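Student: Give the three-dimensional model of this entry:
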Amino acid sequence: MTIQLPPTVAAYVRSINDHNRAGFNALFAENAVVNDIGREFRGPAAIKDWSDREIFDAMVTLEVIDVADKGGETIVTTKVDGNFDRTGLPDPVIINHHITAKGGKIVGLTCRLAGG
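Tutor: Purely as a prediction, here's the structure:
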């Protein structure tokens, strides 16, 4: 079964799996806000620092399990792998990425553990 993702969301997943830092950062609008498990990052510099440290340095990969559209927000459920500290995390690590995009750019991203 192939899961169809909206173009911006597909580019988000692909940039992470291809370890493409520049492509990832280019997806975010100037005023974008990321909320990663309760921590907020606003604007390009903060989002770049967060993604460099927590996605790209950790060689994170995403396996898309499911996608849903809820009122203009795309929720992508993924199995996450990579070289990160798994202390206190379930196995496998399943993360919901709540993505709001406008004009082909991500304006809002919230990442949280599925079921959490």
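
Student: Next secondary structure after the longest helix seen in the chain?
Tutor: If you go by DSSP state H, the chain has its longest helix at helix 7-17. Where DSSP states H and E defines the elements, the next helix or strand beyond helix 7-17 is helix 21-26.

Student: returning to what we had before: and the longest helix of the chain, what's buried?
Tutor: For helix 7-17, the neighbour count (16 or more other C-beta atoms under 10 Å) marks Thr8, Val9, Ala11, Tyr12, Val13, Ser15, Ile16 as buried. C-beta here means a position set from N, CA and C on the backbone, and glycine is covered the same way.

Student: all strands of this structure, in order?
Tutor: Along the chain, the stretches classed as strands by DSSP state E are 28-36, 39-42, 61-70, 73-81, 93-102, 105-113.

Student: sorry, back to before: kindly reformat the buried residues of helix 7-17 as TSV containing pLDDT and distance to Thr61.
Tutor: Below are the buried residues of helix 7-17 laid out as TSV (pLDDT from 0 to 100; distance: C-beta to C-beta, whole Å):
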residue	pLDDT	distance to Thr61
Thr8	97	19
Val9	97	16
Ala11	98	15
Tyr12	98	13
Val13	98	10
Ser15	98	11
Ile16	98	7
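
Student: quick one on the thing from earlier: would you format the strands of the chain as a markdown table with mean neighbour count, distance to Gln4 and mean pLDDT included?
Tutor: What follows is those, written out as a markdown table (neighbours: other C-beta atoms under 10 Å; distance: least, C-beta to C-beta, whole Å; pLDDT from 0 to 100):
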| stretch | mean neighbour count | distance to Gln4 | mean pLDDT |
| --- | --- | --- | --- |
| strand 28-36 | 17 | 22 | 98 |
| strand 39-42 | 13 | 28 | 98 |
| strand 61-70 | 14 | 7 | 96 |
| strand 73-81 | 18 | 11 | 97 |
| strand 93-102 | 19 | 15 | 97 |
| strand 105-113 | 17 | 18 | 97 |
